[in-house]
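**Student:** need the 3D shape of this:
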Amino acid sequence: MSSRARKKKTKVKKISFKDKHWYNVITPKIFNFKSIGEIIGLEDTLIGRTVETLLFDFTNKYSDISLKLRFQITDINEEAKKCNTVFQGHAYTNDYIRSLIGRGSSKIQTIINLTTKDKYIFRVTTICTTIKKARSSQIVLIRKIIREILQEFAKSLNHEKFIGGIIFGEFQNQILRVAKTIYPLSNCVIVKSKLISIPEGGEDKEIPDDQFEIVEIDIKRSRKSEIRRSERINVKKLAQTKYKAKKTEDISEKESESEELD
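**Tutor:** Predicted structure coming up:
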């Protein structure tokens with residue numbers, strides 16, 4: 001067979017823009033089947049694509065503008081021109097994560113795989129920051145608290161409610177409540193989550209309206225992890241001194257500007 005005949009045989013039909021269609025992207029039941037936009041393509045090529053949006057689009061709160069949600073297209077309804085999705089994970093923007101870590105503080109990060117009650121597996125990244133530099137024994141204990149609390153929630157909740165706890169800050173508040181008894185924390189944020197595995201026949205169900213239970217864990221404190229009396233921090237007093245220092249800086253800047261104008 002000649003090379004020209006081979007080229008004719010292997011020639012693939014080009015797909016024009018007219019062959020493609022617009023599909024409406026629909027979020028899963030956890031997010032009330034809300035439409036988050038439209039995507040263009042062919043039915044075969046759309047499955048597996050990920051679409052990003054902000055939590056702000058669901059809550060209309062400016063505090064949620066730095067949190068990105070990812071959804072993956074799982075199947076397509078050709079008649080209604082709709083794409084059904086599954087929650088793939090979330091992530092905070094890099095500038096927001098950098099703003100959490102102040103000078104002279106300790107960053108405590110954990111990355112852990114969690115299996116929910118209905119066998120969904122998520123990889124969760126949590127960052128806690130202390131007000132001042134903590135000792136290594138305190139950091140180890142706070143990291144242990146983070147893991148134990150998240151594991152307790154994962155094994156007792158279905159994936160729908162587990163996602164709600166990650167996104168809307170319930171798990172973060174409970175970690176902060178326990179971990180601040182070891183050392184004062186300025187922040188505790190689940191900065192990233194990723195869906196790793198879906199069980200066979202896994203589907204979204206109704207989210208129960210009952211509240212999250214308070215998780216209590218046994219903390220074995222060592223003498224090293226206890227805060228010495230000389231190192232204890234009065235959080236309110238520290239915040240006041242920081243505020244006064246900032247105020248004096250602003251006043252001095254205004255005075256220097258007025259002197260330059262004169």
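
**Student:** OK, contacts around Gly102?
**Tutor:** 129, 186 (CB atoms under 8 Å, 6 or more residues apart in numbering). Where C-beta positions appear, they are placed from N, C-alpha and C, glycine not excepted.

**Student:** need the three-state assignment for it.
**Tutor:** coil (DSSP: H, G, I helix; E, B strand; the rest coil).

**Student:** need phi/psi at it.
**Tutor:** Main-chain dihedrals, Gly102, degrees, to the nearest 10: phi -90, psi 170.

**Student:** also the one 10 residues further on?
**Tutor:** Dihedral angles of Ile112 (phi, psi; degrees, to the nearest 10) stand at phi -140, psi 140.

**Student:** Leu54 reaches Lys61, doesn't it?
**Tutor:** No: taking contacts as CB atoms under 8 Å, Leu54 lies outside contact range of Lys61: 10.5 Å.

**Student:** neighbour count winner among those two?
**Tutor:** Leu54 (15 against 9; other CB atoms under 10 Å).

**Student:** let me know the pLDDT of that one.
**Tutor:** In this model, Leu54 is scored at 94, pLDDT.

**Student:** residues in contact with it?
**Tutor:** 64-65, 67-69.

**Student:** widest-spaced pair of those residues?
**Tutor:** Using CB to CB, these span at most 12.1 Å, a distance reached by Ile65 and Leu69.

**Student:** overlap in contacts of the two?
**Tutor:** 54-55.

**Student:** between those two, which has more neighbouring residues?
**Tutor:** Neighbours were tallied for Ile65 and for Leu69 using other CB under 10 Å; the higher tally belongs to Leu69 (24 against 14).

**Student:** so that one touches Tyr92, yeah?
**Tutor:** No: applying CB under 8 Å as the test, Leu69 and Tyr92 come out as separate, 11.0 Å apart.

**Student:** and the helices in the stretch 51-200 of the chain?
**Tutor:** Secondary structure of the stretch 51-200 of the chain (DSSP state H, counting those that start in this stretch): helices at 56-59, 94-100, 136-156, 159-167, 170-179.

**Student:** got JSON lines for those, with mean neighbour count too?
**Tutor:** Shown next, in JSON lines, are the helices of the stretch 51-200 of the chain (neighbours: other CB atoms under 10 Å):
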{"stretch": "helix 56-59", "mean neighbour count": "15"}
{"stretch": "helix 94-100", "mean neighbour count": "12"}
{"stretch": "helix 136-156", "mean neighbour count": "19"}
{"stretch": "helix 159-167", "mean neighbour count": "22"}
{"stretch": "helix 170-179", "mean neighbour count": "19"}
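
**Student:** phi and psi next, for Leu55.
**Tutor:** Backbone torsions of Leu55, given as degrees, to the nearest 10, read phi -60, psi -30.

**Student:** ugh, wrong one, Thr181
**Tutor:** Dihedral angles of Thr181 (phi, psi; degrees, to the nearest 10) stand at phi -80, psi -20.

**Student:** so how far is Ile142 from it?
**Tutor:** For Thr181, the distance to Ile142 (CB to CB, to the nearest Å) stands at 10 Å.

**Student:** go on, Ser106?
**Tutor:** Distance, Ser106 to Ile142, by CB to CB: 9 Å.

**Student:** mind listing what Ile121 touches?
**Tutor:** So, once contact is read as CB under 8 Å, 6+ apart, Ile121 ends up touching 113-115, 195-197.

**Student:** one more time with 7 Å
**Tutor:** 113, 115, 196-197 (CB atoms under 7 Å, 6 or more residues apart in numbering).

**Student:** sorry, back to before: wait, which of the helices of the stretch 51-200 of the chain is closest to Thr248?
**Tutor:** Nearest of the helices of the stretch 51-200 of the chain (CB to CB): helix 94-100, 22.7 Å.

**Student:** thank you, goodbye.
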